[in-house]
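# prediction below, plus the sequence it came from.
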Amino acid sequence: MFTGLIEEIGKVIKIQKVINGVEYTISCSKVLENIEIGDSIAVNGVCQTVTKFDNNSFTVFAVEETLLKTTLKNLSINQFVNLETSLTLNKKIGGHIVYGHVDTTGQIVNIQNNSSEVLLSIQFDREYSKYLIHVGSIAIDGVSLTIAKLDDNNFTVAIIPHTFENTIFKFYKKYDFVNLEFDVIGKYVEKQLGKVENKSKITEEWLKQHGF
């Protein structure tokens with residue numbers, strides 16, 4: 001579990017294909033403090049398990065399912081990534097609850113640099129629009145952000161200068177793909193509404209047909 005506040009920008013220094021996945025070695029410094037084998041680190045918003053580390057880097061193993069659903073499959077040597085260590089009980093939740101379980105990817109369709117903010121517009125698969133609301137939360141490559149504008153299958157977020165400079169957002173280009181994780185609250189609401197809808201189908205006629 002994470003908060004969506006990036007602690008450090010890391011750099012991919014090694015990519016090795018192995019059976020059933022890919023190993024990524026990422027150079028960094030801050031997230032290595034008190035690191036242990038088995039710890040969770042969000043890499044561009046994807047929860048990954050540390051399999052080994054040294055004084056300058058750590059390694060994770062991404063399985064095929066993760067590669068299919070996220071942008072990790074597009075990583076290359078020397079590419080920068082957002083890093084966040086997992087939440088602890090004494091850590092401030094400055095963003096929102098982020099699980100590191102990416103739902104889908106979106107594509108950047110517009111980047112507008114203003115004096116006080118950067119407006120980032122992202123297109124996504126329409127089927128996920130049910131999880132988005134105006135001023136609701138969303139994680140983009142692991143960064144907790146608020147939806148400023150929402151259309152059918154396009155949303156816009158406003159990024160303050162500090163966030164822009166301290167994440168990989170500053171490297172984004174139009175048409176790049178990003179990882180998206182929707183707010184978990186919306187998913188639970190959808191499930192509960194589904195239960196209500198299913199119950200509503202139990203009519204008198206349905207009961208008679210099933211022997212009641």
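Structure received.

# for the residue nearest to F155 when sequence neighbours are not counted, list each beta-bridge partner.
Excluding its sequence neighbours, the residue lying closest to F155 (Cβ to Cβ, 6 or more residues apart in numbering) is I147, at 5.1 Å. For glycine as for every other residue, the C-beta is placed from the backbone atoms N, C-alpha and C. For I147, the beta-bridge partners under DSSP bridges are V157.

# please report how far I147 lies from K14.
36 Å (Cβ to Cβ, to the nearest Å).

# check D176 too.
22 Å.

# so those two - more neighbours on which side?
D176 (16 against 12; other Cβ atoms under 10 Å).

# how deep is G4 tucked in, by neighbour count?
By other Cβ under 10 Å, the residues close to G4 number 25.

# what does the model give the nearest residue to S57 once chain neighbours are set aside for pLDDT?
Excluding its sequence neighbours, the residue lying closest to S57 (Cβ to Cβ, 6+ apart) is S27, at 4.5 Å. With respect to pLDDT, S27 scores 98.

# so S27 makes contact with G10?
Yes. Using Cβ atoms under 8 Å, S27 is in contact with G10, at 6.2 Å.

# who has more neighbours out of these two?
More crowded of S27 and G10, by other Cβ under 10 Å: G10, with 27 against 15.

# ok, the residue nearest to S57 - contacts?
Shown in contact with S27 (Cβ atoms under 8 Å, 6 or more residues apart in numbering): G10, K11, I13, N56, S57.
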